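Visitor: build the 3D model from these lines:
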Amino acid sequence: MSTHHQVVSKSLDTRLNVWSIVAGTGTAGSTSVTLNTPCGMFVDTNLNLYVADTYNNRIQKFASGQLNGTTIATGAFVLYHPTSVILDADGYIFITDNANHRLIGSGPNGFRCIAACSGYGSSSSQLNYPVTLSFDSYGNIFVVDQSNNRVQKFLLLPSSCNGTTTVTTMATVTSMNNTQSVSLTTTVPGI
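Guide: Sure, this is the predicted structure:
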């Protein structure tokens, strides 16, 4: 996906072997129809595609069936190599801002830094080239903290005006460098 500067899809119907370009042209660029090293994507319930257009330092939204993208405005926050984007159940956007070593998210008052807002490092409240993020069913945010070789867990406090988070290191990976991804499967007790 990233080195071909496009996003493609394939039908889940195994009888079909058809790949379709859903974003990008295959040539790096910064227009509304081109991408430059896309690294992460998310599809919402309306089948809109959100792409972390890494080397263009932007998030692009492609309406279902459209090849012409719209840049998501992040207010005063300038992205530097975003690598993943995800929406929560309320439709708010969360972005792994990789080279700024932070997570930013939208809310009713616009975008704000929600985790690792003090710069890069290895303390529990900092990140060092975060790559991907995921939510669990309780609203916890799990982040692959690549250069620290760990997975960080952040609890977003939605009632906080300043976006305060609490943090727990879930796993530190010492046997491999550059941890790349995390996948979560959670079960809610009693369901």
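Visitor: give me the number of residues near the closest residue in space to Ser11 that isn't next to it in sequence?
Guide: Nearest residue to Ser11, sequence neighbours excluded (Cβ to Cβ, 6 or more residues apart in numbering): Val18, at 6.2 Å. For glycine as for every other residue, the C-beta is placed from the backbone atoms N, C-alpha and C. Residues contacting Val18 under the criterion other Cβ atoms under 10 Å number 8.
Visitor: would you say Ser147 is within a strand?
Guide: No: under DSSP: H, G, I helix; E, B strand; the rest coil, Ser147 falls outside any strand and is assigned helix.
Visitor: and Phe142, bridged to which residues?
Guide: On the basis of DSSP bridges, Phe142 is bridged to Ser134, Lys153.
Visitor: what about Gln126, distance to Leu103?
Guide: 11 Å (Cβ to Cβ, to the nearest Å).
Visitor: between these two, what contacts are shared?
Guide: Ala116 (Cβ atoms under 8 Å, 6 or more residues apart in numbering).
Visitor: what about the two, which has more around it?
Guide: Leu103 (25 against 20).
Visitor: do you know how far the residue nearest to Ser11 is from Thr27?
Guide: Distance from Val18 to Thr27, by Cβ to Cβ: 22 Å.
Visitor: equivalent analysis for Leu127, please.
Guide: Counting by Cβ to Cβ, the gap from Leu127 to Thr27 is 32 Å.
Visitor: now swap in Asp53 and tell me
Guide: Applying Cβ to Cβ, the value for Asp53 to Thr27 is 14 Å.
Visitor: pLDDT below threshold where in this protein?
Guide: For the chain, the stretches flagged by pLDDT under 70 are 1-2, 156-191.
Visitor: recalculate using a threshold of 80.
Guide: Along the chain, segments meeting pLDDT under 80 span 1-3, 14, 156-191.
Visitor: and the nearest residue to Thr25 once chain neighbours are set aside, how many residues sit next to it?
Guide: Closest residue to Thr25 apart from its sequence neighbours, by Cβ to Cβ, 6+ apart: Thr34 at 5.3 Å. If you count neighbours by other Cβ under 10 Å, Thr34 ends up with 20.
Visitor: contacting residues for Thr34?
Guide: Per Cβ under 8 Å, 6+ apart, neighbours of Thr34: His5, Gly24, Thr25, Thr27, Ala28.
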